[in-house]
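Asks: here's my sequence, what's the structure:
(one chain, ligands or ions: 1)
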Amino acid sequence: MTNSPTILVFDSGLGGLTVLREVVAARPDAHYVYVADDAFFPYGHHSEDEIIARVVPLMGELIGTHDPDLAVIACNTASTLVLSHLRAAYSLPFVGTVPAIKPACAQSKTRRVSVLGTKGTVKREYTKALIRDFAQGCEVTLVGSPDLASLAEAALRGEPISDRDILAELAPCFVGDAGDASTRTDTVVLACTHYPLLLDRLKQLAPWPVAWIDPAPAIARRVSDLLGAATSGIVQSGAEMIFTSNRIHGLSATLTPFFGGRAVA
Ligand code: DGL
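Replies: So this is what the prediction gives:
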């Protein structure tokens, strides 16, 4: 690859920015196109058929327009459903974001792990298969959150979000006797790319300390491996952000750090 590679990062909204920032750090030589399908947000509220019918043709249009070298589906709710369809339909490499159940169960000492995702992600057959294959004897609690992704977007827009609203979504992840650190939940998988946006609040509000598993660094390594060696001589390439609603976001200053400081067109 002699030119700067183009990486398309796709999510239902702003959550995929938590994956983007890791990919950007791993591959500063790439050109980035971030697509937020905000016209259809939140994916967690749509049926499986609706998501497949939405994402597969939309991705075809985006590939036609931007000709990316690789696409990252930075959304668990979509990846757990559409990756096989996308790979069958289009020839470029796709990297998905799916619940990090394997590393979480491998590191849990108490053998109690919770998976916090959208209602869609925790219902998926894909997620259940990950538990069957990789729980390694751990008790895995699936917590389907109706509103945490929307709360994370609101927080990123600078709106006040109450502790009570966050805690209502988070509390079911904490299983076991709070006073017994040897048996209570010790690991929570962040199975929605929006949730790391709230990580400081989640840590503050958690009834006891746990390990929070965010797969973004592993996704970034996978992207870098697939692209091969970085383009020599290119220190930093450009970035574009697209909202499918065509709305004017007015968030440039907030979003710039996720793009590694690039000016976002
Ligand atoms: N960011 C998405 C995920 O990782 C979901 C948010 C939504 O419901 O659209 O699952």
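
Asks: C-alpha only now, for contacts and for neighbours.
Replies: Noted.

Asks: tell me the contacts of residue 36?
Replies: Residues near residue 36 by C-alpha atoms under 8 Å, 6 or more residues apart in numbering: 10, 11, 12, 13, 14, 241, 242, 243, 244.

Asks: what sits against residue 121?
Replies: 44, 76, 77, 80, 127, 144, 191.

Asks: just the buried ones from those residues, in PyMOL syntax?
Replies: Entered in PyMOL, the line below selects the buried ones among the contacts of residue 121, by 16 or more other C-alpha atoms under 10 Å:
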select buried, resi 44+76+77+80+127+144+191
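
Asks: of the contacts of residue 121, which fall within the contact range of the ligand?
Replies: Contacts with the ligand within the contacts of residue 121, as defined by C-alpha under 6 Å from any ligand atom: 44, 76, 77.

Asks: pLDDT at the last one, what is it?
Replies: Model confidence at residue 77, expressed as pLDDT, equals 98.

Asks: name the SS class of the one residue sitting closest to the centre of the chain, please.
Replies: What sits nearest the mean C-alpha location of the chain, by C-alpha atoms, centre = their mean, is residue 193, with 2.5 Å. Under DSSP: H, G, I helix; E, B strand; the rest coil, the three-state class of residue 193 is coil.

Asks: just checking, it touches residue 16?
Replies: Yes: with contacts counted by C-alpha atoms under 8 Å, residue 193 reaches residue 16, the gap being 5.6 Å.

Asks: quick one: which of the contacts of residue 121 sit in helices?
Replies: Judged by DSSP state H, the subset of the contacts of residue 121 located in helices is 76, 77, 80, 127.

Asks: kindly reformat those as a markdown table containing distance to residue 53.
Replies: As requested, the ones in helices among the contacts of residue 121 are exported to a markdown table (distance: C-alpha to C-alpha, whole Å):
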| residue | distance to residue 53 |
| --- | --- |
| 76 | 16 |
| 77 | 14 |
| 80 | 14 |
| 127 | 20 |
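
Asks: from those residues, which is closest to residue 253?
Replies: For those, the minimum distance to residue 253 (C-alpha to C-alpha) is 26.4 Å, reached by residue 76.

Asks: who's in contact with that closest one?
Replies: The neighbours of residue 76, taking C-alpha under 8 Å, 6+ apart as the test, are 96, 97, 98, 99, 117, 121, 191, 192, 193.

Asks: stretch 191-208 spans what distance, first to last residue?
Replies: 20 Å (C-alpha to C-alpha, to the nearest Å).

Asks: no no, stretch 200-213
Replies: End to end - C-alpha to C-alpha - stretch 200-213 spans 14 Å.

Asks: repeat that for stretch 4-20.
Replies: Termini of stretch 4-20 sit 17 Å apart (C-alpha to C-alpha).

Asks: over to stretch 28-44?
Replies: Note: stretch 28-44 ends 31 Å apart using C-alpha to C-alpha.

Asks: which parts of it are buried?
Replies: For stretch 28-44, the neighbour count (16+ other C-alpha under 10 Å) marks 28-38, 40-44 as buried.

Asks: quick check: residues of the protein near the ligand?
Replies: Counting by C-alpha under 6 Å from any ligand atom, the residues of the chain that sit close to the ligand are 11-12, 15, 41-44, 75-77, 118, 149, 192-194.

Asks: redo that, cut-off 5 Å
Replies: 12, 15, 41, 42, 43, 44, 75, 76, 77, 192, 193, 194 (C-alpha under 5 Å from any ligand atom).

Asks: which residues are in contact with the helix or strand of the chain with the lowest mean pLDDT?
Replies: When each helix and strand of the chain is scored by mean pLDDT, DSSP states H and E, helix 252-255 comes last, with a mean of 84. Here helix 252-255 makes contact (C-alpha under 8 Å, 6+ apart) with 156, 264.

Asks: now that helix, how far from the centre of its chain.
Replies: Distance of helix 252-255 from its chain centroid, counting by C-alpha atoms, centre = their mean, to the nearest Å, is 19 Å.

Asks: now stretch 51-65
Replies: 18 Å.

Asks: stretch 122-142 too?
Replies: For stretch 122-142, the distance to the chain centre is 18 Å (C-alpha atoms, centre = their mean).
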